[in-house]
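In: just coords:
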Ligand code: UD1
């Protein structure tokens, strides 16, 4: 199994191109199932999760081809000859659940294995199922599979989510685009990836309004046509690399970055002593002369501080002056990186969903274990700032979400290489 070896202490300077968003692309790809005509996505990220979604779509009979080394994906779902999403594919990636809405909407039935994905809490799918039931589907759960039927087609409905779910909002949007009549999604997610999905569906002929607010209205149409759509910038990759010079010193320009993708995060960077400047090509980031200050962070749905940047922020706060408090409000078990950072000398106390981080002067390199996607990258960032060598084992999670991480960081002066792990 691959591992990443990082030798700390080098300043980072240069430009990092930010890829298209994994979480947007994985939502956009299932939209191919809604139409007989081809859907082309440009600015696609080159990641193992995208390959997994490709395999899943191919298992239904979709044809997926890629150009420009995977940056352009063309998907054609003229004939669907299988409506079962098998456990062997779905267990690798939670986003697989997003095929449920489109299959039901187009074919009137679907069988989807209950999903896997990062081990960051219970992560149920009850809200996805609630939305499908509201649209008229009958749902049965047995043998680890969701069996969904809508023989007479889906019908528009008012769906009020009890709390914000990105995935359930996406599944409902995909399904309602081809449902009969009007659907209103209340307490819908407002993430940029939702707005991106709506733009793509509109390009395919869907009639949707209110995206980016918590009430989205979908007027179902009879059919959707082909389209070409550019995947939005990955705000989580962006935020991750924005933090890199805060760990190491130096200045990084994240190409393609925009403050509006990460406004609460940028406010926190400012509080912490990190300077962000919007340039013509992206965002330039450096540490201020006064050093890093402790801050308090609560993760929240967009536009709040993203849960997907909590691990990286925690790693940074390990060496800030003072005591920081991080509250994880989206997932109940998302502090698995804390004990690993502890192996590097961090002083972190976890109590339920709250982590208290007492800043220390310097982290020390150590062998550590990556437990999930964002935890993996937080350990890499910590390793860049630590004294000596950090060996991060089990980095397969990393390849699910970060394209060419060693290349992007070493181009800016980091000492980082992929090695065979223990
Ligand atoms: C979540 C994050 C998203 C992030 C992604 C990957 C939020 C609101 N969502 O999206 O930003 O990119 O993880 O890390 O920040 N839930 C249920 N029942 C459901 C669906 C969800 O109880 O049917 C719960 C989840 O366990 C979680 C919360 O709702 O506590 C938000 O989940 P949701 O937004 O659906 O998760 P993802 O779509 O995976």
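Out: Right, received. Where do you want to start? Computed from a predicted model, the values in this text were never measured in an experiment. Numbering: from 1, shown residues only.
In: and the residue of the stretch 251-400 of the chain closest to the ligand?
Out: With C-beta to the nearest ligand atom, the shortest gap between the stretch 251-400 of the chain and the ligand falls at residue 301, namely 3.9 Å. Heads up, the C-betas are built off the backbone N, CA and C, glycines and all.
In: tell me the pLDDT at that residue?
Out: At residue 301, the model reports a pLDDT of 94.
In: phi, psi for it please.
Out: Residue 301 has phi and psi values of phi -60, psi 160 when expressed as degrees, to the nearest 10.
In: cool, the one 5 residues further on as well?
Out: Backbone torsions for residue 306, taken as degrees, to the nearest 10, come to phi -70, psi 130.
In: now do residue 93
Out: With angles defined as degrees, to the nearest 10, residue 93 sits at phi -160, psi 120.
In: so it touches residue 400, yeah?
Out: Yes: using C-beta atoms under 8 Å, residue 93 is in contact with residue 400, at 7.5 Å.
In: which residues do these two both contact?
Out: residue 49 (C-beta atoms under 8 Å, 6 or more residues apart in numbering).
In: just to revisit the earlier point, neighbours of the nearest residue to the residue of the stretch 251-400 of the chain closest to the ligand once chain neighbours are set aside, how many?
Out: What sits nearest to residue 301 in space, not counting adjacent residues and going by C-beta to C-beta, 6 or more residues apart in numbering, is residue 164, at 4.1 Å. As a burial measure, residue 164 scores 19 neighbours (other C-beta atoms under 10 Å).
In: next: residue 67.
Out: Neighbourhood size, residue 67 [other C-beta under 10 Å]: 12.
In: if I look at it, how far off is the ligand?
Out: For residue 67, the distance to the ligand (C-beta to the nearest ligand atom, to the nearest Å) stands at 27 Å.
In: contacting residues for the nearest residue to residue 33 once chain neighbours are set aside?
Out: Counting by C-beta to C-beta, 6+ apart, residue 33 lies nearest to residue 102, which is 3.8 Å off, once chain neighbours are set aside. For residue 102, the contact set (C-beta under 8 Å, 6+ apart) comprises 30, 31, 33, 34, 174, 175.
In: what's the closest of the residues you listed to residue 224?
Out: Taking C-beta to C-beta as the measure, residue 224 lies nearest residue 34 of the contacts of residue 102, at 4.9 Å.
In: could you measure from the closest one over to residue 208?
Out: 13 Å (C-beta to C-beta, to the nearest Å).
In: need the overlap of contacts for the two.
Out: 177, 201.
In: who's more crowded, these two?
Out: Taking other C-beta under 10 Å, residue 34 and residue 208 do not tie; residue 34 has more neighbours (26 against 20).
In: wasn't residue 375 part of a helix?
Out: Yes: in this structure, residue 375 lies within a helix as judged by DSSP: H, G, I helix; E, B strand; the rest coil.
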